[in-house]
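Trainee: The sequence and its predicted three-dimensional model are supplied below.
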Amino acid sequence: MLYGRMGEERHISTLLAAACEGRSAALALVAEPGAGKTALLDRAAELVNPNWQVLRCAGVEAESEFLFAGLQSLLAPASGKRRASIDALPEPQRDALCSAIGLTAAAYPADPYVVGLATLSLLAELSAQGPVLCLVDDCQWLDQASAEALRFAARRLDAEGVVMLFAGRTESAAAGVPQLRPAPLDLAAAGALLTDRWPALTLEARERILAEASGNPLALLELPVLRNEAAGRRAPR
């Protein structure tokens, strides 16, 4: 259960419903660390039925210098269906995408424009078999080539039945894509989350944590752990 995120969940649900009718959309969730962006992506994956194809990747800081590392994680053909869709692309796009995600060797780097076009074409091919949900987390750590290809595709979605959701800490993570900014949890939602996960807290500890967390969901979950560890270190031996 997500606390205090009914508005965001409703927005995402609306995009998913539209995709089932053949209308595509892209959305970037932009917020501070710990605000629950990944939880919203997880919720989106839970909201779709088995007819959907779910593609997912996350930026990795250690791989941010590797060309198309994020795109490879997202599009590498884990199934025959995906490989068949890649093979159905026009030859220049197919060759560029296969080179970018390591399916074929190439003597020169793939053209970023053609890779972006191939990404869009591949999503359209996949959507012919059912709606597609594309989840891209930690966009601030995506390699630049992957980020550009995915933004290129996201800005050109139309009637494919595709939803692309990005999550990142900064606006530049998904520039040109409509943005939604999850706000800090209000006091009621923050209190409900804290009670659910830490029901044994004393009233004093609860009030202190609510004040320190300032509505950040991750802080609400982790501050009690840190306080317990600190108390353990102070306890006489």
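Mentor: Arrived safely, thanks for sending. Residues are numbered from 1 along each chain as shown.
Trainee: from here on, contacts and neighbour counts on C-alpha atoms
Mentor: Fine.
Trainee: what stretches of this protein score poorly on pLDDT?
Mentor: Applying pLDDT under 70 to the chain flags the ranges 77-80, 107-108, 226-237.
Trainee: how about the helices of it, start to end?
Mentor: 6-20, 37-47, 69-75, 80-87, 91-100, 112-127, 144-155, 187-197, 203-213, 217-234 (DSSP state H).
Trainee: contacting residues around the third one?
Mentor: Defining contact as C-alpha atoms under 8 Å, 6 or more residues apart in numbering, one finds that helix 69-75 is touched by 55-60, 63, 82, 100-102, 142-143, 146-147, 150.
Trainee: List only buried entries from these.
Mentor: Neighbour counting over the contacts of helix 69-75 (16 or more other C-alpha atoms under 10 Å) leaves 55-60, 82, 100-101, 142-143, 146-147, 150 as the buried ones.
Trainee: Nearest residue to residue 95 in space, please, no chain neighbours.
Mentor: residue 104 (7.9 Å; C-alpha to C-alpha, 6 or more residues apart in numbering).
Trainee: what's the burial count for that neighbour?
Mentor: When counting by other C-alpha atoms under 10 Å, one arrives at 11 neighbours for residue 104.
Trainee: Redo the helices of the chain as CSV? Include distance to residue 30.
Mentor: Shown next, in CSV, are the helices of the chain (distance: least, C-alpha to C-alpha, whole Å):
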stretch, distance to residue 30
helix 6-20, 12
helix 37-47, 8
helix 69-75, 19
helix 80-87, 29
helix 91-100, 27
helix 112-127, 22
helix 144-155, 15
helix 187-197, 20
helix 203-213, 19
helix 217-234, 15
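Trainee: Which one of those helices lies nearest to residue 161?
Mentor: Minimum separation from residue 161 across the helices of the chain (C-alpha to C-alpha) falls at helix 6-20, 4.2 Å.
Trainee: Check which residues of that closest one are buried.
Mentor: By neighbour count on 16+ other C-alpha under 10 Å, the buried set for helix 6-20 is 8, 9, 12, 13, 15, 16, 18, 19, 20.
Trainee: Equivalent analysis for stretch 91-107, please.
Mentor: For stretch 91-107, using 16+ other C-alpha under 10 Å, the buried residues are 93, 94, 95, 96, 97, 98, 99, 100, 101.
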